[in-house]
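turn this into a structure:
(chains A and B)
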Amino acid sequence: GESVGLHLPTLSVQEGDNSIINCAYSNSASDYFIWYKQESGKGPQFIIDIRSNMDKRQGQRVTVLLNKTVKHLSLQIAATQPGDSAVYFCAATPPGGSYIPTFGRGTSLIVHP
Amino acid sequence: GAVVSQHPSWVICKSGTSVKIECRSLDFQATTMFWYRQFPKQSLMLMATSNEGSKATYEQGVEKDKFLINHASLTLSTLTVTSAHPEDSSFYICSASTPGRVYEQYFGPGTRLTVT
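Below you'll find the model as predicted:
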């Protein structure tokens, strides 16, 4: 089955710095990946996604990089703000149409003003 | 758009009682809804997938007789925790996907259940 892990449970950064959150996945057949942000006591919020036929996708202040060779993806947040403080989850979805993602453990991003 | 609500946002119940949690898609029709459970500082664990008008598909290890899921309409799914025990205390989150875009899940705000 799929297992998705994150390299660091907590990441502390200073406001204005760039943040990089990493994620590894196990199923090389996974073809759709999503990053979610979860603030305390709330449900996950979609940030950005990427399909396996891409290696980079950019959004507003966020970039997701996918390295299928080593089964790794990362979320880069530019100019991190205190409002970015949250737990970030990556999710990998297997092929086959069910689109049921497997969530990683989560990285807690702490932004210091 | 694509807003999902849950009710209640938190509930405290006594051991042995049953609790119903509602998940509603407010501005879209959700053919598929998902129920997750999340323990403190842990990831989301998928409990079941429900499609409108059909029985829910439960993940391995989830007791379907304990966690009753009903998806009677395109905008409402309910999770009933029957004969709740303290170990059922958790954060329950639902999500919904729109027809044709099942890969996009919109999450509700979650329901904090505490069983005393």
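
tell me the residues of chain B that contact chain A?
Proximity of chain B to chain A (CB under 8 Å from any CB of the partner chain) is limited to residues B:4, B:6, B:34, B:41-46, B:49, B:93, B:95, B:97, B:102-110, B:112. Where you see a C-beta, it was placed from the backbone N, CA and C, and this is true even at glycine.

just the buried ones among those, please.
Neighbour-count burial (16 or more other CB atoms under 10 Å in any protein chain shown) applied to those gives B:4, B:6, B:34, B:43-46, B:49, B:93, B:95, B:97, B:102-103, B:105-110.

please name the nearest non-neighbouring residue to B:R112.
Once flanking residues are discounted, B:R112 sits nearest to B:W10: 4.1 Å by CB to CB, 6 or more residues apart in numbering or on different chains.

so B:V81 is in contact with B:S90, correct?
No: at 9.3 Å, B:V81 does not count as touching B:S90 under the criterion of CB atoms under 8 Å.

who touches both of those two?
Overlap of the contact sets of B:V81 and B:S90 (by CB atoms under 8 Å, 6 or more residues apart in numbering or on different chains) consists of B:L113.

tell me which residues form a beta bridge with A:V111?
A:V13 (DSSP bridges).

I'd say it and A:T10 touch.
No: counting by CB under 8 Å, A:V111 does not reach A:T10; the two are 11.9 Å apart.

between these two, who's got more neighbours?
A:V111 (20 against 10; other CB atoms under 10 Å in any protein chain shown).

list the contacts of that one.
By CB under 8 Å, 6+ apart, the contact list for A:V111 reads A:12-15, A:19, A:80-85.

in PyMOL, how would I select the buried members of those?
A single PyMOL command is used to select the members of the contacts of A:V111 judged buried by 16+ other CB under 10 Å:
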select buried, chain A and resi 13+19+80+84+85
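
between the contacts of A:V111, which is closest to chain B?
The shortest approach to chain B among the contacts of A:V111 belongs to A:S85, at 15.0 Å (CB to the nearest CB).

measure that closest one to A:S19 for me?
Remark: distance between A:S85 and A:S19 (CB to CB, to the nearest Å) = 10 Å.

any idea which element the most centrally placed residue in chain B lies in?
For chain B, B:W35 is the residue whose C-alpha lies nearest the centre (CA atoms, centre = their mean; 3.6 Å). Secondary structure assignment for B:W35, by DSSP states H and E: strand B:32-38.

now what about that strand, what contacts it?
The contact list for strand B:32-38 (CB under 8 Å, 6+ apart) reads A:100, B:23, B:25, B:44-52, B:56, B:67, B:69, B:71, B:77, B:79, B:90-97, B:102, B:105, B:110.
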